[in-house]
Every structure is written in C-alpha cells, then in structure tokens.
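# Sequence and computational prediction follow.
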Amino acid sequence: PFGNPVTMALQPTSEASQAAESTDRAIPQTKFVQIYEALWKGENPGTDAPNFWDEFFLLKVNTKYLEDVIARWSPEQTLALKSIVQVIVAKAILKLKDSNDIRIANALATLGVFFRSMFQKNLSQAGFDVVSVLFGLKDTSSKAQRMLSGFKANLAPERPALILDLTLRTMSVIATTSPNLHENKLLEYIMQFDVAESLIRIIREPETRALHGSHTCFLLACFLSYRRRETANPYALQLKNLADDVTLHGFGAVLVRILNQRNRQWAQPMNAADQGGIFYQLSSLVAEMFVAPQPEVLKTPTSLTTAALVLLFFFMHHNKHATVLLAHTPLAQNPAAAPDAQDLHDDESSNAKPVVATSAAPASTNLFGTLVTFTSFMLQDTTNESVQLSAALCFTILNVVCEDSHSNTFLHDSNINVPIVLHRAAMRHRPETIDTLTEGPLAITLLELCIELVMSHMRKQLDVTVYTLALNVIHRLLCFEKQSRVRLSFKWQHLWAALVAFLKFLNQQDEESEAYDLFALGNRVIVIFNLFVTYGDTFLPDPDSYDELYYELIRERKSFDALFESAKRHTRTSGPYAATANKLANSLINIRAIISHFGPKVEAWSLANKHEPMSPENVLAIVRDNYDTLTLKLQDGLDLYDGFRENADFDRVLSQLLRIMVKKYPRIKFQLEPIFSATR
C-alpha cells in the first residue's frame, strides 16, 4: 500500500536505527506503540496488510508517547526519519475525509502532535525547513491544500461536536507553531485556502457558537492578523464585509462571554473581601504568611481576551455595521453555562478558583459595558507589558468607537441604561473599589473611565500612548456633542478638575526630557478646554455649568500661567519640542484672556471686601456680570480631528500583543476518550 517511493523511504539507516534505539524506554508496548516502534526502525508493517492504515487509525493515539519520542530526536535523527514522518502525515491527511469518525479523530490528533512536536524542535536553527520535513519537497502546496480541505469538511456545523472541536484544536496548533504569526509558513497556505466562511458559520449557529466560539475567535484573530497590511487577506475581507445581524450578534455573544469571564475572575477576590469584612482581611493576611500569593497570570489578559480585543478592534475599525456588536446584551445565565468559556482560561491559570457570579459582572450589561469594565481592570497594573499593551488596544478601540457617528449616537442614547462596573485603583485618599454605574447614557461611563485613568496614572514613567488615546476619546465625545447638540447630564467639574490636575503634573516634569513631548499632551488638554469655552453653550446642560467652567479657569490660573511660561521658554531656547511648545502657547490665548479679564475684577472685589472671605458664589457673580466686556478670538478647527489610522506605533503595539497571545496560548490537549466512549 506504500508504493515504491515510500518503501524506499522506509529502508533502515544507521541514523534511523539510532533514533529507534533512543526511543527504547519503559513504555507500555501497546499495539499503537509497537507499530510506531516498527516504523521508526524502517519496517513496513503494512506490507502484507492491504487495510493496514484503515486499522491503524482506529487505534487511539498515544499523544504522550509520540511527543516524548519526537522530543528526543536529534536534528540528524529527525532528518533520517523524515520520510517516515511524511508518510504518516500524508496518511493522516487522507483520513480527514474518512467515513469513520474515530479515524478522523485519530488523524487530527496525529497531525496536531506532529506539527507541534516538530516545530518545538527548532529545526530551522539547524538549517532544516520544518514544513518540508512534514510534507516533503514535492507538491507541498497540494498536500497543504488537501489537509485544509479536510479541515473545512470537518468544520461543518452538522459534524459531531467532538470532531469539530478536535479540528479547531489542530488548527490552533498550526496557528501557534511560530511565536511570530507573520513568520508562520503554514499560515501562508491557510491564506490560499479560505476557511473563513466555515469559521463564521460556527459563530452564526447558537449550538456550535456555545461549544466552539472561543476557539473560533482565537483562530480568526490569528488569521486576519497575518500580514494583513502586506497582502490581500481573505479573512480580513470576509469580516470587513460581514453585514448579517444574526452573525454579528453571534460574535458579540462570544466576545462578551470571553471578556466577562476574565472580569469575574479579577473581581472575585475584591468581592470576597467586601463580603467578608475585617475577619476576611485578617484571615487573608495570615494565610499569605504561609501560602504563596496568587500567580501574576491572574492579573494579566489571556490569549483569549487578547484575541477578543483584536477581533473587536478589527470590527470597529473596518466593519461599518459593527455598532450591532456594541449593543449586544447576553441573556442572564450561569457564567459556567458556556462549555468553552473557561477551557483556555483554566489552562492559562490553573490556580484560579472556580468562577462564580458576582455583583462586579452584571449579566445584563452589553458588549460596550463589558469592554469598559475590562479596560478599567487593565489600568490597574500598567507596569506589566501585556497589561500595558492591552490597555493601549482597549483605548484604541474606544477611540475608533468615538469616531463613528452611529456608535456615538448609540453611546449618547438616553434610553440605553445598563449597569457597568468600573474598577477604581487604590490612591492615597481612597481604597481600591469596584463601582457599578447605572445612570445616564453610556458616554457618561466612558467619561468616568477616562477621568479615572487621568487621575490615577500620573507617574514619572507616563504611559503616553494610553494618555493620548484617552484624551482623544474625550475630545471626540465633545465634538459629537457639539455637532449634535447633545446635552449630557454630567458633572463636568470632575472632568475639568482631572484635566487641571494633569496640567499641574506636566508643569512638574522636565520640559527638556526627550522621554515624551509634554507640550503635545498639554495642547490636547487645552484644545478640550477651548472646546468648552468656544462651544460649551451648545452641549453643556445649563448656563450655570458654563459659569462654573470660567470659575475653574480663574481658580486654576496659576497652572495655566505656568504652562504658558514653560511653553514660551522652550520655544525661545529652540528645545527639541519647540514646534509643539509654540502651538501650545498659541492655544492658550483665550484661556489667558479669560484670566486676564476676570482676574483683576476678582482681586478688586477681595480688596473692597477685606473682612469677608470670597466664596465661589461671589466669583460666579463676578463672572456673570462681566461676560459682556470679555473679548475672545474664534479658534477654528477645535471640533475637527484626524481619524485613527494604523501607523507604526499601532503596528508595534499589535505585533507585540500578537506575540504574547501566541506565546501564552495554552498547550492544546487532544481528548480522544469521549469519541471512543461514544462509539461503544
């Protein structure tokens, strides 16, 4: 049944004999092991058995045996045995379309083990092409296409769940064979044989989505990210043009489930502390003296959550129907109800406790609310690289959302009220808390998230990328509110106070430092204030709010004066950021005019009423009485901005995230027992 070329390939060689001897350990000599031992020695067990391969693939694959054997091969032994490997791989590919599900399951497990084990040997460093070792030098493309055709046949929703699961697992192994997705040669064949529709169909159907949605989303995130900027990517094109509401809601359901799962895991310790009170805290303190603390992995995003963010970014940036995703609200259910919601999480954080429903993850929130909650957790430890990169991607998604008119309308819809959890980091004046916001449009919660970032992350090693994105989100929300004349019932004083605090922080930094351009950040803040000054009457809730804006500017005049002096000084000395410093100084013209106009009048009142302390009401009265004599310059372009574009900085963030996503991907287990049990 092998044919002449294969028969020649199975002839014993000294290297093959040495490899066979190296596998001779205390391994139970089952029929499966006996056959493989014969193959490694160059024997042809199927010489007198025409149905040998049909019977061979009915034997349950011993994955541990195969992995242990292949791991012990040296590069020379691997080269000597490559013809045998190619025969086994070729036969496994043929069995992908067999009529017997046991053969298909064993073929999938065989391919998964060989692909993973061979790529883990780092043969490329020894000068070998792993793909040619697996497929051979001839007809490599046709063999890969045949394998993908078999995968596609087994991805049909009508196939048994166990077969579909094993197919996805084998494809996941292929997608993660290289730490750099763009260097994964196997993905090149997947680009040539499009299985996007098969994967999308899994998401569309409720039953397959519940069982396999997480694995499917991970694969789609990998496939659509592969050299997307370099060549035409069929997966990116399919998702870009996806307009079916049912399918989009299906994606929303999976993304909500993945992110909510992690949100619950992060919130669980805090909820336990709140419910247990002082006794819980004391017992936890004592326990920590004797038990190792929870692993850091529980504080970081998983491969699945990263894949969910990558998919969500792509939808929001490229699919014009993506607002449907944001609005998806899952039905209230047990968090463990989704069979695949925890499988990869448990592998990545084996010490995690079982997840239970908590008040910190309300089931009735939508995908947007889930994303905001996830982002607030991401902001808690931005010293971790994967957390920092994920926070940047989260705010990039929010940035893109706020640039879309349909999404903005959704965020400002007063009829949409869902509970959204916001994690607030511990600061000197407050403990670590988890709040549930339930009132007002979603835009209010988004503003609260941005304020939380601005107030709680001012440190010497400033995360400039995340701060820039957060300020962009605030600016884009205000631009929409100005253009649409939407008046949010929001305490804008909180935002103004946070922005002023950030300006004070910038004033304390070294303006000559080349770590980042503080003048560019300062200018973004001033543009936001100028929007309020110039157009506040179109979107602030009432005239009193406009008066309070002026009060805040007058009260913090020293901060604005210091910022102006710093910008002018840097411009005069032709510092490294002279251009942005000059732009900042020019942006301050109206704020300085307000301070110059009202400042002397406030001081005059103080002199005339020496024995009476000045109250905020006194200042507000002065402001109201002197609007008519105030002269401001009309500043053009305050409500305009350059839309988000994928640039080098974003590519860096995404590439690093994808590397971490692949590296942290849990080791796939090929569970074959269920398929054998089902046929007994």
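The structure has been received and is ready for your questions.

# residues near the nearest residue to residue 325 once chain neighbours are set aside, how many?
Closest residue to residue 325 apart from its sequence neighbours, by Cβ to Cβ, 6 or more residues apart in numbering: residue 252 at 4.6 Å. Where C-beta positions appear, they are placed from N, C-alpha and C, glycine not excepted. For residue 252, the count of nearby residues is 25 (other Cβ atoms under 10 Å).

# I'd guessed residue 252 sits against residue 368; true?
No - with contacts counted by Cβ atoms under 8 Å, residue 252 stays clear of residue 368, the gap being 9.9 Å.

# Identify the contacts common to those two.
326-327 (Cβ atoms under 8 Å, 6 or more residues apart in numbering).

# picking up where we left off before, assign the residue nearest to residue 325 to one of the three secondary structure states.
helix (DSSP: H, G, I helix; E, B strand; the rest coil).

# which residues sit in contact with it?
Contacts of residue 252 (Cβ under 8 Å, 6+ apart): 324-328, 367.

# at 10 Å instead, please
203, 312, 315, 322, 324-330, 366-368, 370 (Cβ atoms under 10 Å, 6 or more residues apart in numbering).

# can I assume residue 390 is in contact with residue 306?
Yes - using Cβ atoms under 10 Å, residue 390 is in contact with residue 306, at 6.6 Å.

# Name all residues that sit in contact with those two at the same time.
300, 657, 660-661.

# Of those, which is the nearest to residue 477?
Distances from residue 477 to the shared contacts of residue 390 and residue 306, taken as Cβ to Cβ, are shortest for residue 657 (25.5 Å).

# quick one: the spatially closest residue to residue 370 that is not a sequence neighbour and residue 329, what's the gap?
Leaving aside its sequence neighbours, residue 370 sits nearest to residue 259 (Cβ to Cβ, 6+ apart; 4.8 Å). Distance, residue 259 to residue 329, using Cβ to Cβ, to the nearest Å: 13 Å.

# more neighbours, the two?
residue 259 (26 against 19).

# Tell me the helix or strand right after whatever helix or strand residue 371 lives in.
Following DSSP states H and E, one finds residue 371 within helix 367-378. Downstream of helix 367-378, the next assigned helix or strand under DSSP H and E is helix 385-401.

# isn't residue 208 right up against residue 163?
No - using Cβ under 10 Å, residue 208 makes no contact with residue 163, being 11.7 Å away.

# Spit out the residues that contact these two alike.
With Cβ under 10 Å, 6+ apart as the test, residue 208 and residue 163 both reach 155-156.

# Based on its surroundings, how many neighbours for residue 651?
Per other Cβ under 10 Å, the neighbour tally for residue 651 reads 11.

# any idea how far it is from residue 44?
For residue 651, the distance to residue 44 equals 51 Å [Cβ to Cβ].

# Same question for residue 606.
The value you get for residue 606 to residue 44, if Cβ to Cβ is used, is 102 Å.

# which of the two has more neighbours?
For residue 606 and residue 44, the more surrounded residue by other Cβ under 10 Å is residue 44, and the numbers stand at 19 against 13.

# pretty sure that one is in contact with residue 38, am I right?
Yes - the pair residue 44 and residue 38 passes the contact test of Cβ under 10 Å, sitting 8.2 Å apart.

# Count the residues that sit near residue 179.
Residues near residue 179, counting by other Cβ under 10 Å: 13.

# Would you confirm that it contacts residue 120?
No - Residue 179 is beyond contact range of residue 120, at 11.2 Å (criterion: Cβ under 10 Å).

# rewinding a little: could you list which of the contacts of residue 252 belong to helices?
203, 312, 315, 324-327, 367-368, 370 (DSSP state H).

# show me what contacts the residue nearest to residue 240 when sequence neighbours are not counted?
The shortest distance from residue 240 to any residue other than its chain neighbours is 4.5 Å, reached at residue 318 (Cβ to Cβ, 6+ apart). Residues in contact with residue 318 (Cβ under 10 Å, 6+ apart) are 224, 228, 236-237, 239-242, 400.

# Roughly how far does residue 458 sit from residue 119?
44 Å.

# who's more crowded, the two?
More crowded of residue 458 and residue 119, by other Cβ under 10 Å: residue 119, with 22 against 17.

# re earlier: can you say which of the contacts of residue 318 are buried?
Buried residues within these, defined by neighbour count using 16 or more other Cβ atoms under 10 Å: 224, 228, 236, 239-240, 242, 400.

# which of those residues lies closest to residue 143?
For the buried ones among the contacts of residue 318, the nearest to residue 143 is residue 224 (24.6 Å; Cβ to Cβ).

# Next one, pLDDT for the closest one please.
Here, the pLDDT recorded for residue 224 equals 93.

# ditto for residue 214
94.

# how many other residues sit next to it?
Neighbour count of residue 214, defined by other Cβ under 10 Å: 27.
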